[in-house]
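Undergrad: Show me how the following folds:
(chains A, B, C and D)
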There are 2 protein chains.
Amino acid sequence: MHLNIKEPTTRNAKNTFEQIEKAAIKLFYKKGYHGTTVKDITSEAGVAAGTFYLYFPSKVVLYKHILTSFSHNIRKHIAEKVAQKTSRLDKEKEGIKAFILYAKKNPEMYNIIWESLYIDRELFRDYYESFAIRYVNGLEKAKRNQEIRDVDSEIMSFILMGITNFIGLKVVFDLGQDNDDIEHIVDGVLDLLKNGLFTK
Amino acid sequence: MHLNIKEPTTRNAKNTFEQIEKAAIKLFYKKGYHGTTVKDITSEAGVAAGTFYLYFPSKVVLYKHILTSFSHNIRKHIAEKVAQKTSRLDKEKEGIKAFILYAKKNPEMYNIIWESLYIDRELFRDYYESFAIRYVNGLEKAKRNQEIRDVDSEIMSFILMGITNFIGLKVVFDLGQDNDDIEHIVDGVLDLLKNGLFTK
DNA sequence: TCATAAACTGAACACTTATTCATATTATAT
DNA sequence: ATATAATATGAATAAGTGTTCAGTTTATGA
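TA: Residues are numbered from 1 along each chain as shown, chains lettered A, B, ... in the order given. The predicted model follows:
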């Protein structure tokens, strides 16, 4: 996917570029993609409207650029954290924890990734489908090592993505209570993965 | 929440009203709220642009009306199905199944409910927070009956909502494979709730 | 120092779109 | 049958917004 973004060369230009990115992330989060005008972005960034088009050919390209960047960062962040652990249980725990902490620190991520469903449905599909594929690989490996039971990996990957996403949603939007005790929340998830929900 | 919708009285007017609703659901699903114009809706409904304003004071009010209606219907549908079962395990299974089947039959629901995050964040909050409260009540009762383990009900309710939502997402958007075998998918979820993920 | 390129400006343009309203048609009830 | 209310029309309006561009400022390198 070529976005035709003009990368800045000089230091000043790099700063302008970054100010525009930063302003857009802030505003897309706060007011959504459609609720944010190019004027809003350039004002927030402290530059003139025309400056926007020195770097980005259109508003939607800036959005895609930010989405791609977020998508990249969250994956990388989780992968790095998970790689430090050896057992699948520890990997799962670390992955969930990393996701939630990242979401808490970057609350914009949610709005921006989910909003892709209403801006470019293919991006949305790609994001979750490729995330799922990665997950399936990890689960298959764990199955071979007999660390996890003989589950349908693809279904399980969507289950696990659903859990982390909705727990993240709870934390980011502060739905319900006790959203500061991340350890407790992660333990709650791990408890289910270890012991199930029902009594025997 | 008063939407100031003018309910139609005569039979013909009722038909017009419904055509507008139907057209809007179709188009909001296909092109999103912002991608759909009032002209689009009235054309699809086969009426003139001005007719829209006989019934709805604005485009956003129509959206809220549809969202409220969907939100009502899905809850009622699940509640009815769940009420037929006695054990918590059967209730959970039936609830998940009902949600997925409803989502498959009404794929518009997803777009429309999730899009509320970008149209009226309070509606989004209310939807998930009240859904969670209902869930918590059910889980607390099951805990008292010792049908489920001593889990944090609120965390568990977001876990369960996340699972059903993302499994629904998979089915509706046909992500990955085997999205026609709903029984198999539901069994996959129940397997986790019964036995957890990890080997002992 | 000075020529050249890069970066920036902001008013103007072109287009879209939610909403209004004067007018016309259709249904209802007496 | 006819007055009245309900329903419908669609062109006009008014406001907003993504994008362009001619002109200006700033940085660079020889």
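
Undergrad: what angle do the helix or strand of chain A with the lowest mean pLDDT and helix B:108-115 make?
TA: Every helix and strand of chain A was ranked by mean pLDDT, DSSP states H and E. The lowest is helix A:108-115, at a mean of 94. Angle, helix A:108-115 to helix B:108-115, by axes from the mean of the first three to the mean of the last three CA atoms, to 10 degrees: 150 degrees.

Undergrad: Which neighbouring elements make contact with helix A:108-115?
TA: helix A:11-35, helix A:59-83, helix A:88-105, helix A:153-172 (3 or more CB pairs under 8 Å, 6 or more residues apart in numbering or on different chains; DSSP states H and E). C-beta: built from backbone N, CA, C; applies to glycine.

Undergrad: Identify the residues contacting A:M156.
TA: Counting by CB atoms under 8 Å, 6 or more residues apart in numbering or on different chains, A:M156 touches A:135, A:139, B:188, B:192, B:197.

Undergrad: 10 Å instead?
TA: Residues counted as contacts of A:M156 (CB atoms under 10 Å, 6 or more residues apart in numbering or on different chains) are A:132, A:135-136, A:139, A:143, A:148-149, A:193, B:188-189, B:191-192, B:197.

Undergrad: Just send those residues back as JSON lines, with distance to DNA strand C too.
TA: Listed next are the contacts of A:M156 as JSON lines, based on distance: CB to the nearest atom of the strand, whole Å:
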{"residue": "A:A132", "distance to DNA strand C": "33"}
{"residue": "A:Y135", "distance to DNA strand C": "38"}
{"residue": "A:V136", "distance to DNA strand C": "39"}
{"residue": "A:L139", "distance to DNA strand C": "43"}
{"residue": "A:K143", "distance to DNA strand C": "49"}
{"residue": "A:I148", "distance to DNA strand C": "49"}
{"residue": "A:R149", "distance to DNA strand C": "50"}
{"residue": "A:L193", "distance to DNA strand C": "45"}
{"residue": "B:G188", "distance to DNA strand C": "41"}
{"residue": "B:V189", "distance to DNA strand C": "39"}
{"residue": "B:D191", "distance to DNA strand C": "46"}
{"residue": "B:L192", "distance to DNA strand C": "43"}
{"residue": "B:L197", "distance to DNA strand C": "46"}
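
Undergrad: is it true that A:Q146 touches B:T199?
TA: Yes: counting by CB atoms under 10 Å, A:Q146 does reach B:T199; the two are 5.8 Å apart.

Undergrad: remind me which residues of chain A are low pLDDT?
TA: Within chain A, the set of residues satisfying pLDDT under 70 is empty.

Undergrad: swap the cut-off to 80 and go again
TA: A:1 (pLDDT under 80).

Undergrad: wait, isn't A:T37 in contact with A:K59?
TA: Yes: with contact defined as CB under 10 Å, A:T37 and A:K59 form a contacting pair (8.4 Å).

Undergrad: Neighbour count: these two, which is higher?
TA: A:K59 (17 against 13; other CB atoms under 10 Å in any protein chain shown).

Undergrad: Chain neighbours aside, what residue packs nearest to the more buried one?
TA: Nearest non-adjacent residue to A:K59, counting by CB to CB, 6 or more residues apart in numbering or on different chains: A:V38, 5.5 Å away.

Undergrad: same question, A:N4
TA: Per CB to CB, 6+ apart, closest to A:N4 is A:P57, 5.1 Å.

Undergrad: helix, strand or coil for that neighbour?
TA: Following DSSP: H, G, I helix; E, B strand; the rest coil, the label given to A:P57 is coil.

Undergrad: Please report phi then psi for it.
TA: phi -70, psi -20 (degrees, to the nearest 10).

Undergrad: give me every residue that touches the closest residue to A:K31 other than its chain neighbours.
TA: Spatial nearest neighbour of A:K31, excluding adjacent residues (CB to CB, 6+ apart): A:D40 at 7.6 Å. Contact analysis of A:D40 by CB under 10 Å, 6+ apart lists A:23-24, A:26-28, A:30-31.

Undergrad: Just give the number of residues close to A:N4.
TA: A:N4, neighbours per other CB under 10 Å, totals 8.

Undergrad: Could I get the contacting residues of it?
TA: With CB under 10 Å, 6+ apart, A:N4 has these contacts: A:56-58, A:61.

Undergrad: which of those residues count as buried?
TA: A:F56 (16 or more other CB atoms under 10 Å in any protein chain shown).

Undergrad: can I get the contacts of A:N4 in JSON lines with distance to B:R88?
TA: Below are those laid out as JSON lines (distance: CB to CB, whole Å):
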{"residue": "A:F56", "distance to B:R88": "52"}
{"residue": "A:P57", "distance to B:R88": "55"}
{"residue": "A:S58", "distance to B:R88": "52"}
{"residue": "A:V61", "distance to B:R88": "50"}
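
Undergrad: Check the contacts of A:N4 against chain B and report the nearest one.
TA: A:S58 (15.7 Å; CB to the nearest CB).

Undergrad: The closest one: what's it in contact with?
TA: Taking CB under 10 Å, 6+ apart as the test, what A:S58 contacts is A:3-4, A:38, A:52, A:64.

Undergrad: same deal with A:I100?
TA: A:I100 neighbours (CB under 10 Å, 6+ apart): A:164, A:167-168, A:170-172, A:179, A:182, A:185-186, A:189.

Undergrad: now, which of those residues sits nearest DNA strand D?
TA: A:V172 (25.3 Å; CB to the nearest atom of the strand).
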